[in-house]
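> quick one, what's the 3D model for this:
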Amino acid sequence: MKNDLHHYIEIADGVRSGKPCIAGTRISVADIAMMYLRMGQSLEEIAGKHQLPLASVYMAMAFYFENRQEIDKRTAEAEAFAEAERIKQPSLLQEKLSAARDYA
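Numbers count the residues shown, from 1 in each chain. Got it, this is the predicted structure:
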């Protein structure tokens, strides 16, 4: 029996900026890895919560471990970009709360 990662994982330019995703979904390999490694969810829990075949979730983790450096680098770059944008564009709610504190 031949296991074919492309049956479970696909990369499409127009989906999630070309990140590897579970085939037929917008759920990226990095999303699965984050839920499993950072958030402590079991692979079975992830599959059930997102209505995914368990084999797809296991293959996502296999793909992640095969490409860990590249995926982690891309994730770190995205997080750094988001943080820089957050600093440049403060929350309107935070501005209103700060103004209300200054007024009181």
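
> so R74 touches G18, yeah?
No. Using Cβ atoms under 8 Å, R74 is not in contact with G18; the gap is 9.6 Å. (Each C-beta comes from the backbone N, C-alpha and C, glycine too.)

> more neighbours: which of these two?
When R74 and G18 are compared for neighbours, R74 comes out ahead with 17 against 11, by other Cβ atoms under 10 Å.

> quick one, what contacts the more buried one?
K19, A30 (Cβ atoms under 8 Å, 6 or more residues apart in numbering).

> quick check: it is in a strand.
No. Secondary structure of R74 (DSSP: H, G, I helix; E, B strand; the rest coil): helix, not part of a strand.

> so which strand or helix has the residue most central in space within the chain?
The residue lying closest to the centre of the chain (Cα atoms, centre = their mean) is D31, at 2.8 Å. In this structure, D31 sits in helix 29-33 according to DSSP states H and E.

> what's that helix in contact with?
9, 19-22, 46, 57, 60-61, 63-64, 67, 71, 74-75.

> pull out the buried members of the residues you listed.
9, 19-22, 46, 57, 60-61, 63-64, 71, 74-75 (16 or more other Cβ atoms under 10 Å).

> JSON lines for those, including distance to M35 and secondary structure?
Converted to JSON lines, the buried ones among the contacts of helix 29-33 look like this (distance: Cβ to Cβ, whole Å; DSSP: H, G, I helix; E, B strand; the rest coil):
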{"residue": "I9", "distance to M35": "16", "secondary structure": "strand"}
{"residue": "K19", "distance to M35": "15", "secondary structure": "coil"}
{"residue": "P20", "distance to M35": "15", "secondary structure": "coil"}
{"residue": "C21", "distance to M35": "14", "secondary structure": "strand"}
{"residue": "I22", "distance to M35": "12", "secondary structure": "strand"}
{"residue": "I46", "distance to M35": "5", "secondary structure": "helix"}
{"residue": "V57", "distance to M35": "9", "secondary structure": "helix"}
{"residue": "A60", "distance to M35": "10", "secondary structure": "helix"}
{"residue": "M61", "distance to M35": "10", "secondary structure": "helix"}
{"residue": "F63", "distance to M35": "15", "secondary structure": "helix"}
{"residue": "Y64", "distance to M35": "11", "secondary structure": "helix"}
{"residue": "I71", "distance to M35": "14", "secondary structure": "helix"}
{"residue": "R74", "distance to M35": "17", "secondary structure": "helix"}
{"residue": "T75", "distance to M35": "13", "secondary structure": "helix"}
